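A.B. asks: model this:
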Amino acid sequence: MLAWKVAPALAAGNTVVLKPAEYTPLTALLFAEISREAGLPKGVLNVVTGDGDTGAALVDAPVDKIAFTGSTSVGRIIRRATAGTGKALTLELGGKSPYIVFDDADIDSAIEGLVDAIWFNQGQVCCAGSRLLVQEGIAPRFYEKLKRRMDGLRLGDPLDKAIDIGAIIDPVQLSTITDLVAKNPEGEHYVARTAMPQGCFYPPTLITGLGTASPLMQEEIFGPVLVSMTFRTPEEAVALANNSRYGLAATLWTENINLALDVAPKLKAGVVWVNATNLFDAAAGFGGVRESGFGREGGWEGLMAYLKPAERPAALKPVAASPEPADPVVEGLDRTAKMYIGGKQARPDGGYSQPVYSPRGKLLGHAGIGNRKDIRNAVEAAHAARSWAKATAYNRAQVLYFIAENLSARAAEFARRLADLTGKPGLAEVEASIQRLFTYAAWADKYDGAAKSVPIRGLALAMNEPVGVIGALCPDEAPLIGLVSVMAPAIAMGNTVVLVPGTAPLSATDFYQVLDTSDVPPGVVNIVTGPPEDLAKSLAGHMDVDAVWSFSSHPLSALIEREAAGNLKRTWVNHARARNWMGPEGEGREFLSQATEVKTVWVPYGE
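C.D. replies: A predicted model of the protein is given here:
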């Protein structure tokens with residue numbers, strides 16, 4: 001854990017203040033001695049020991065990045081504490097990792113792997129395979145063999161190489177494990193028939209026959225306790241595996257490579273091991289999704305987390321909507337633009353709308369004022385369109401090309417709309433928006449993964465997967481190209497989006513007419529209009545939103561990061577810094593990286 005963070009930080013040219021866990025400071029201090037002997041300059045690596053108060057002081061200190069490994073509850077506290085500070089943050093948190101055994105698996109090998117998965121380090125490992133899922137046909141035989149293997153485990157001094165399971169780290173943790181198991185007596189409890197030494201030890205325990213809602217199936221025990229359920233089909237195995245708020249790691253055992261490569265991408269986990277467990281290497285990323293945190297340790301993706309742009313962007317000036325004039329100019333029939341949810345135009349739940357004026361006082365129309373229920377409806381529609389992630393990259397590219405073609409056919413109309421909204425010529429922004437759509441259509445099938453070079457006879461596949469449902473608050477200063485620059489990379493990578501336009505929303509409500517004629521499946525793109533400062537809290541706090549981006553000129557970064565702590569969703573906010581949406585910084589790999597999660601799938605092969 002220490003090396004995973006210190007090595008890339010130093011390699012990238014940073015200085016480090018390391019605060020080790022309060023129960024394990026000695027290895028960190030020894031590492032500091034070794035670093036000094038190796039010639040590391042003074043002040044480059046600093047070690048500060050202490051308890052939680054020391055950690056809190058470090059979080060509040062003037063540092064540029066925080067990398068934390070620990071419990072989900074503490075990770076949530078850190079997310080809230082750093083909200084709005086501009087500090088980069090990566091979190092590697094708790095887990096309840098599934099260990100899936102199919103009926104064609106090598107049972108003996110799977111059991112040996114399971115011993116390593118759950119009883120290595122007494123189960124005090126964030127990625128411990130603590131949820132055993134066994135296919136129904138082999139469950140009785142598997143459990144019988146597993147119990148015999150448990151009976152042979154030896155407990156004692158962890159420094160003795162003949163010992164399998166050592167002591168629990170602290171009496172407090174031992175009490176936590178004991179209480180959690182005692183308070184949940186459901187299921188069949190099997191305790192290993194092995195000698196128990198005196199001290200801070202807990203026996204290897206198997207609990208079978210549990211339901212999905214059992215606290216033992218849902219809560220991280222962080223000890224040598226294995227809980228188990230059975231399944232009948234691969235689809236049921238995936239559903240049970242994903243029935244958790246965590247998503248750190250997963251293991252699956254099968255002799256059918258087709259089955260393994262079908263199931264692995266469906267598992268909500270940052271790392272998947274096939275016919276193996278606890279494989280790690282600096283070349284391959286490790287990290288979680290959901291409430292197991294965000295960010296990666298290892299791989300290029302892990303190294304990039306310790307870098308930042310060389311130039312600090314300029315401050316972003318707030319962009320206000322054009323005020324209502326004393327004598328507004330009204331031409332033609334007044335039009336109230338609706339929102340766009342699930343592929344349909346939708347009236348705002350509250351029934352209210354707001355006028356939109358040009359800088360010269362012309363009434364351009366009205367836009368609906370969305371509320372929390374509108375956000376909820378949009379998120380539900382986005383989830384209903386999750387099959388978009390299964391569409392081929394080629395198909396997603398074709399849709400983006402179609403959007404660009406249809407926008408091009410209406411370029412003069414959109415240019416006039418932008419001129420009315422901003423008081424500036426709009427054709428250049430429309431043309432740039434068309435080119436941006438072409439750019440991400442080209443990227444759709446080219447932002448691919450990699451086969452990492454790892455020291456096993458096998459592969460570690462780094463796969464770029466869609467994040468899921470992304471909520472985005474669009475730029476105020478660039479009504480059309482800002483919305484396109486946020487939407488296009490997200491849907492190109494297979495995400496669905498809920499977009500909140502800026503202070504000039506009518507270009508966005510015109511744009512959904514283009515979407516309607518471009519074969520965009522219902523729910524892939526949803527647009528909710530209204531004051532961004534009112535909608536940001538609902539969007540960031542929604543438990544079914546997987547990431548929130550904000551490029552609004554309103555001061556929303558702190559609010560979004562604080563609200564996102566609820567389910568520890570990823571955030572990408574501007575911290576009141578400007579971006580040139582017409583230039584190169586308005587597109588590229590940074591957007592694609594934010595629109596994807598790296599999943600590492602380890603596949604050993606050969607004898």
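
A.B. asks: CA atoms for contacts and neighbours, from now on please.
C.D. replies: Noted.

A.B. asks: where does the protein dip in pLDDT?
C.D. replies: 607 (pLDDT under 70).

A.B. asks: Just give me the residue closest to the centre of it.
C.D. replies: Val289 (4.4 Å; CA atoms, centre = their mean).

A.B. asks: which residues does it contact?
C.D. replies: 246-248, 268-270 (CA atoms under 8 Å, 6 or more residues apart in numbering).

A.B. asks: What of Tyr352?
C.D. replies: By CA under 8 Å, 6+ apart, Tyr352 lies in contact with 368-369.

A.B. asks: Return the distance of it relative to Thr336.
C.D. replies: In this view, Tyr352 and Thr336 are 10 Å apart by CA to CA, to the nearest Å.

A.B. asks: Touching both of these two, which residues are there?
C.D. replies: In terms of CA under 8 Å, 6+ apart, Tyr352 and Thr336 are both contacted by the residues Gly368.

A.B. asks: Which of the helices or strands spans the residue nearest to His554 when sequence neighbours are not counted?
C.D. replies: Distance criterion CA to CA, 6 or more residues apart in numbering; nearest residue to His554, sequence neighbours excluded, is Pro318 at 6.0 Å. Using DSSP states H and E, Pro318 is not contained in any helix or strand.

A.B. asks: any idea how far Ala213 is from the residue nearest to the centre of the chain?
C.D. replies: Separation of Val289 from Ala213 (CA to CA): 21 Å.

A.B. asks: for the spatially closest residue to Ala384 that is not a sequence neighbour, helix, strand, or coil?
C.D. replies: The shortest distance from Ala384 to any residue other than its chain neighbours is 6.8 Å, reached at Gly523 (CA to CA, 6+ apart). Three-state assignment for Gly523 (DSSP: H, G, I helix; E, B strand; the rest coil): coil.

A.B. asks: dump the residue contacts of Gly523.
C.D. replies: Contacts for Gly523 (CA under 8 Å, 6+ apart) come out as 341-343, 378, 381-385, 496.

A.B. asks: again, 10 Å this time
C.D. replies: Contacts for Gly523 were tallied using CA atoms under 10 Å, 6 or more residues apart in numbering; they are 340-344, 378-386, 388, 496-498.

A.B. asks: Now do it against Tyr512, distance only.
C.D. replies: Gly523 sits 12 Å away from Tyr512, going by CA to CA.

A.B. asks: next one: Glu405
C.D. replies: Glu405 is 14 Å from Tyr512, by CA to CA.

A.B. asks: Give the residue from these two that has the larger number of neighbours.
C.D. replies: Comparing Glu405 with Tyr512 by other CA atoms under 10 Å, the one with more neighbours is Tyr512, at 21 against 17.

A.B. asks: Packing partners of the one helix or strand the more buried one maps to?
C.D. replies: Using DSSP H and E, Tyr512 sits in helix 506-516. If you count contacts as 3 or more CA pairs under 10 Å, 6 or more residues apart in numbering; DSSP states H and E, helix 506-516 packs onto strand 336-337, strand 339-341, strand 344-346, strand 363-368, helix 393-409, helix 411-422, helix 479-492, strand 525-527.

A.B. asks: Point out the most buried one among those.
C.D. replies: strand 525-527 (a mean of 28; mean count of other CA atoms under 10 Å).

A.B. asks: mind checking how far the helix or strand following it is from the chain centre?
C.D. replies: Toward the C-terminus, strand 525-527 is succeeded by helix 532-541 as the next helix or strand (DSSP H and E). On the basis of CA atoms, centre = their mean, to the nearest Å, helix 532-541 sits 19 Å off its chain's mean C-alpha point.

A.B. asks: buried set for helix 532-541?
C.D. replies: Using 16 or more other CA atoms under 10 Å as the test for burial, helix 532-541 gives 532, 535-541.

A.B. asks: Does anything pack onto it? Which helices or strands?
C.D. replies: Under the contact definition 3+ CA pairs under 10 Å, 6+ apart, helix 532-541 sits against helix 372-384, strand 469-473, strand 496-500, strand 547-550, helix 557-563.

A.B. asks: The same query, at a cut-off of 6 Å, please.
C.D. replies: On a contact count with 3 or more CA pairs under 6 Å, 6 or more residues apart in numbering; DSSP states H and E, helix 532-541 meets helix 557-563.

A.B. asks: Contacts for the helix it packs on, please.
C.D. replies: Contacts to helix 557-563, defined as CA atoms under 6 Å, 6 or more residues apart in numbering, come from residues 80, 83-84, 540-541, 573, 575.

A.B. asks: Using PDB, list the CA coordinates for that helix.
C.D. replies: In PDB, the C-alpha atoms belonging to helix 557-563 read as follows (Å, rounded to 0.1, in the frame of the first residue of the first chain):
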ATOM      1  CA  SER A 557     -17.800  23.000  -7.100                       C
ATOM      2  CA  ALA A 558     -17.800  22.700  -3.300                       C
ATOM      3  CA  LEU A 559     -21.500  21.900  -3.200                       C
ATOM      4  CA  ILE A 560     -21.200  19.100  -5.800                       C
ATOM      5  CA  GLU A 561     -18.100  17.500  -4.200                       C
ATOM      6  CA  ARG A 562     -19.800  17.600  -0.800                       C
ATOM      7  CA  GLU A 563     -23.100  16.100  -2.000                       C
END
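
A.B. asks: Going by neighbour count, which residues in it are buried?
C.D. replies: Neighbour count says helix 557-563 has 557-563 buried, by 16+ other CA under 10 Å.

A.B. asks: And Thr392, how far from Asn406?
C.D. replies: Using CA to CA, which is the criterion applied here, Thr392 is 22 Å from Asn406.

A.B. asks: Same question for Ala576.
C.D. replies: From Ala576 to Asn406 the distance is 33 Å (CA to CA).

A.B. asks: Using a markdown table, lay out the buried residues of helix 557-563 together with distance to Tyr447.
C.D. replies: As requested, those are exported to a markdown table (distance: CA to CA, whole Å):
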| residue | distance to Tyr447 |
| --- | --- |
| Ser557 | 28 |
| Ala558 | 31 |
| Leu559 | 31 |
| Ile560 | 28 |
| Glu561 | 27 |
| Arg562 | 31 |
| Glu563 | 30 |
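
A.B. asks: between the residues you listed, which is closest to Ala88?
C.D. replies: Taking CA to CA as the measure, Ala88 sits nearest to Glu561 out of the buried residues of helix 557-563, at 11.5 Å.

A.B. asks: helix, strand or coil for Ala441?
C.D. replies: Put simply, Ala441 is helix when judged by three-state DSSP.
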